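Asker: Just the structure for this:
(one chain, ligands or ions: 1)
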Amino acid sequence: MISSETRICGLIGDPVTHSVSPVMHNAAFDFLGLDYIYLPFAVTKDRLARAVDGVRGMNIRGLNVTIPHKVAVIPFLDGLEPLAERIGAVNTIVNDEGVLTGHNTDAAGFLKALLENAIEPGDKQVVLLGAGGAARAIAFALAEKGARLTILNRKQELDWAVELAGSVSSFSGRKVKALELNEPNLKAALVPADVVVNATSVGMSPNDGQSPVFRELLRPGLVVFDIVYSPVKTRLLSEAEQAGAVTVNGLDMLVWQGALAFELWTGAKAPVKVMRDEVVRALGGISFGGVVGAGERKTTSVALVGFMGAGKTAVGRVLAEKLNKELIELDSLIVEKAGKSIARIFDQEGEIAFRQLEMEVTREVAGRKNQVIACGGGVVLNKINIDRLKAEAVVVYLMASPEAIQERVAGDAEVRPLLGDGDKSLAIRELLAFRQPFYRRAADIIIDTSKMGIEAVAEQIIAGLKKE
Ligand code: NAP
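Answerer: Model (predicted):
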């Protein structure tokens, strides 16, 4: 409940409508029961000075700063924390009794994301694309860890890259190259590279069909880190994955830079899983690699949810074998209990009776350990089912596009009573649109299976479980 005691944090930038920071921070405040609120403020360049003064005037606790103010805001602050000063860009402001200090959590957020993905940058040959605000933070973070850097920026603003390379060189004592971002330079730089980081906005929604790196230059063993987080899986990452490269998306960095800002404002340890969970939901629920977060729950089972044709049983079988767990199929248990097929239950007793049976079998199996539970498509409609499953299981939503579902269900001998006798394509779209929010709400891990084989989905679930 908002009161006169509520502390205000926020984001200044132009635009701010796309930002997921409000949902991420407000979820974290709620989770810890902190009397804080986070608001987005659209601030144009000409209003920046007055906006910053308003922070003092209204005793706002802190701000995040985004495009285009990360550098421009510096003259209006009372001081800079040393890293922000070195980087020359601020993404977080802390207000202590009217004294505003600028911080940069992008740098540490980037490093946290690297380490979380088991990538140690020390002595690695890194190609950094871009020389904007985020690239500056990343360049200093990498240099501090002993990486060998080459910075590529497009021709019009090559000066930025040259200036950045010079500053990083004098800080680290290692030569940093600055080159124009074009095909020959990219090719030459990538041959000896261990890691390439995209810190340009190329590939960012709505231009998500673009990639800053030619597909032919991607190869197995190369680490490709795209800090763009919308979409979570950019074209660059998609192509890198196909080429067998190791991929890291922008989501972890986004969450970590937010978590570090949160800690500066509140002094409390940030609930990182809660923040990640909210970000994934806000970005449409699709987490590349897919971890939403099972929080602090100790789980030994996995429950697979999703629409008919999503592959719950087939993936469940492979997963159970790989994890050495028992496979339980809820629909088979229902058939066993009722002594008749699902189509016949629907036909003779109706959907309500079927849902009742579904609830009973869910209750019976939910608390058991070391199972892979392939759930029926409608299990998520009843929150009690999900609460019961979550007591012992990580819930994985196997997502699939309507087209993929139609293709998979077409070759299926099983009768699907909910699709009726009419236009199957329309029935799938309508039912999926209705159920999608239920799946997303239930999920700890979300995996888009539309273009993936059974083995690959199982492997991605295992990777997601390891992150938990
Ligand atoms: P910025 O300061 O505006 O810098 C943008 C960079 O992208 C510049 O180097 C710019 O080159 C380059 N660029 C833009 N369009 C290009 C094109 N068509 N071809 C080649 N280069 C192009 O923005 P920023 O704050 O650094 O953010 C860059 C991206 O990182 C954004 O997508 C942002 O959302 C993302 N980001 C992610 C996180 C995270 O936590 N994951 C954090 C910060 C930023 P010029 O210098 O030539 O203009």
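
Asker: So which bits of this protein are right by the ligand?
Answerer: Contact residues, the chain versus the ligand (CB under 6 Å from any ligand atom): 67, 106, 109, 130-135, 153-154, 156-157, 160, 181, 199-202, 204, 212, 227-229, 250, 253-254, 257. All C-beta spots, glycine's among them, are computed from the backbone N, C-alpha and C.

Asker: ok, Thr17 touching Phe41?
Answerer: No - counting by CB atoms under 8 Å, Phe41 is not a contact partner of Thr17; they are 11.4 Å apart.

Asker: Quick one, grab the pLDDT at Glu430.
Answerer: In this prediction, Glu430 carries a pLDDT score of 85.

Asker: Compare neighbour counts for Thr17 and Phe41 and give me the winner.
Answerer: Phe41 (16 against 8; other CB atoms under 10 Å).

Asker: Can you pull up the most central residue in the protein?
Answerer: Centroid-nearest residue in the chain, with CA atoms, centre = their mean: Leu251, separated by 3.9 Å.

Asker: pretty sure it is touching Val279, no?
Answerer: Yes - between Leu251 and Val279 there is a contact under CB under 8 Å: 6.4 Å.

Asker: Common neighbours of these two, please.
Answerer: Tyr229 (CB atoms under 8 Å, 6 or more residues apart in numbering).

Asker: Would you pull up the residue in the stretch 51-200 of the chain closest to the ligand?
Answerer: Gly132 (1.9 Å; CB to the nearest ligand atom).

Asker: What degree of burial does that residue show, as a neighbour count?
Answerer: Gly132 has 20 nearby residues by other CB under 10 Å.

Asker: list the contacts for it?
Answerer: Gly132 sits in contact with 160, 199-201, where contact means CB under 8 Å, 6+ apart.

Asker: most neighbours, which of those?
Answerer: Of the contacts of Gly132, with other CB under 10 Å as the count, Ala199 tops at 27 neighbours.

Asker: following the helix or strand that contains Ile12, which helix or strand shows up next?
Answerer: In the assignment (DSSP states H and E), Ile12 maps to strand 7-13. Downstream of strand 7-13, the first helix or strand assigned by DSSP H and E is helix 21-32.

Asker: what's the angle from that next one to strand 7-13?
Answerer: 160 degrees (axes from the mean of the first three to the mean of the last three CA atoms, to 10 degrees).

Asker: quick one: buried residues of whichever helix or strand comes after helix 21-32?
Answerer: Using DSSP H and E, the helix or strand that follows helix 21-32 in sequence is strand 36-42. The neighbour-count check on strand 36-42 (16 or more other CB atoms under 10 Å) flags 36-38, 40-41 as buried.

Asker: Then stretch 21-32?
Answerer: Those would be 21-29, 31, for stretch 21-32 by 16+ other CB under 10 Å.

Asker: Please apply the same query to stretch 456-468.
Answerer: Quick answer for stretch 456-468 (16+ other CB under 10 Å): 457-458, 460-461, 464-465, 467.

Asker: With just CA atoms, put that stretch into CSV.
Answerer: What follows is stretch 456-468, C-alpha atoms only, in CSV (Å, rounded to 0.1, in the frame of the first residue of the first chain):
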residue,chain,number,x,y,z
ALA,A,456,17.1,-31.0,-27.9
VAL,A,457,14.1,-30.1,-25.8
ALA,A,458,15.2,-32.6,-23.1
GLU,A,459,18.7,-31.2,-23.1
GLN,A,460,17.4,-27.7,-22.8
ILE,A,461,15.3,-28.7,-19.8
ILE,A,462,18.3,-30.3,-18.2
ALA,A,463,20.4,-27.1,-18.8
GLY,A,464,17.5,-25.1,-17.3
LEU,A,465,17.3,-27.3,-14.2
LYS,A,466,21.0,-26.9,-13.6
LYS,A,467,20.5,-23.1,-13.5
GLU,A,468,17.9,-23.5,-10.8
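
Asker: chain center to that stretch, what's the gap?
Answerer: For stretch 456-468, the separation from the chain centroid amounts to 15 Å (computed by CA atoms, centre = their mean, to the nearest Å).

Asker: cool, stretch 111-123 as well?
Answerer: Put simply, stretch 111-123 sits 17 Å off its chain's centre (CA atoms, centre = their mean).

Asker: Dump the C-alpha coordinates for that stretch into PDB.
Answerer: The C-alpha coordinates for stretch 111-123 follow below in PDB (Å, rounded to 0.1, in the frame of the first residue of the first chain):
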ATOM      1  CA  LEU A 111      30.500  -9.800 -15.700                       C
ATOM      2  CA  LYS A 112      28.000 -11.500 -13.400                       C
ATOM      3  CA  ALA A 113      26.200 -12.800 -16.500                       C
ATOM      4  CA  LEU A 114      29.400 -14.100 -18.000                       C
ATOM      5  CA  LEU A 115      30.400 -15.900 -14.800                       C
ATOM      6  CA  GLU A 116      26.900 -17.300 -14.400                       C
ATOM      7  CA  ASN A 117      27.300 -18.800 -17.800                       C
ATOM      8  CA  ALA A 118      30.700 -20.200 -16.800                       C
ATOM      9  CA  ILE A 119      32.700 -17.900 -19.100                       C
ATOM     10  CA  GLU A 120      35.900 -16.600 -17.600                       C
ATOM     11  CA  PRO A 121      37.100 -13.600 -19.600                       C
ATOM     12  CA  GLY A 122      40.700 -13.400 -18.300                       C
ATOM     13  CA  ASP A 123      43.200 -13.400 -21.200                       C
END
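
Asker: buried ones in it?
Answerer: 111-114, 117, 119, 121.

Asker: Give me the contacts around it.
Answerer: Contacts for stretch 111-123 (CB under 8 Å, 6+ apart): 141-142, 145-148, 195, 223, 225, 246, 248, 252-253, 256, 260.

Asker: Counting neighbours, what do you get for Gly57?
Answerer: Other residues close to Gly57 by other CB under 10 Å number 10.

Asker: How about Asn207?
Answerer: Using other CB under 10 Å: Asn207 sits among 11 other residues.

Asker: how near is the residue nearest to the centre of the chain to Tyr229?
Answerer: Going from Leu251 to Tyr229 by CB to CB, to the nearest Å gives 5 Å.

Asker: quick one: common contacting residues for these two?
Answerer: Common neighbours of Leu251 and Tyr229, counting by CB under 8 Å, 6+ apart, are 279, 283.

Asker: still on that earlier bit, which of the buried residues of strand 36-42 lies closest to Arg61?
Answerer: Tyr36 (7.2 Å; CB to CB).

Asker: tell me the pLDDT at the closest one?
Answerer: So Tyr36 comes in at 97 (pLDDT).

Asker: Report pLDDT for the nearest residue in space to Asp252 that is not next to it in sequence.
Answerer: Excluding its sequence neighbours, the residue lying closest to Asp252 (CB to CB, 6 or more residues apart in numbering) is Ala113, at 3.6 Å. Per-residue pLDDT puts Ala113 at 92.
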